[in-house]
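>>> here is a sequence together with a model predicted from it:
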Amino acid sequence: MKYIIGLVKKNFINKEFVLFIIIGTANTFNGTVLSLLYSMFLQANIAFVMGYITGLIIAYFLNSFFVFKRKPQFFRLIKFAISYIPNFIIQNVCVLILYNWLNWNRLIVFAFAAAVGIPITFLILKVFAFGKKEGE
């Protein structure tokens, strides 16, 4: 149990994770506003996807500079985008099971899905997208 508590403290009770949460909150706002702006010129679904992609690119640069303090690179941007796939799957499975099958309250389900997905995404980003390689 001490080992697990140590891992949680090491990975989630730190400046990196707090900054990740702040940037994620700002990015949610960015993605929403950008989607609304794009929807003035594009069909709603396309506008949403464009807003999501633009927000993801902004999030990549913010995370690169402020959270992981790594120089932006195209390959790392691709890894960043791939790192969000598990989060998307986890959150959708939570909604499918808890909301559609078990009829939980929508707000509780969305909050729970985010709470589960966020730390997993952070760890994937930390190791996969921004992890240091030999010689860096």
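Alright, I've got the coordinates.
>>> can you pull the buried residues of the host helix or strand of residue 35?
Assigning secondary structure by DSSP states H and E places residue 35 in helix 15-38. Neighbour counts over helix 15-38 (16 or more other CB atoms under 10 Å) mark 16, 17, 20, 23, 24, 27, 30, 31, 34, 35, 38 as buried. To be clear about C-beta, it is placed using only N, CA and C from the backbone, and glycine gets the same treatment.
>>> lowest-confidence member of those residues, which is it?
Lowest pLDDT among these: residue 31, with 83.
>>> okay, now the nearest residue to it once chain neighbours are set aside: neighbour count?
Nearest non-adjacent residue to residue 31, counting by CB to CB, 6 or more residues apart in numbering: residue 55, 3.3 Å away. Neighbour count for residue 55, taken as other CB atoms under 10 Å: 20.
>>> list the buried ones in the helix or strand containing residue 7?
Assigned by DSSP H and E, residue 7 belongs to helix 2-12. When neighbours are counted by 16+ other CB under 10 Å, the buried residues of helix 2-12 are found to be residue 12.
>>> how about residues contacting that helix?
Helix 2-12 has contacts (CB atoms under 8 Å, 6 or more residues apart in numbering) with 17, 119, 122, 123, 126.
>>> fine by me, thanks again.
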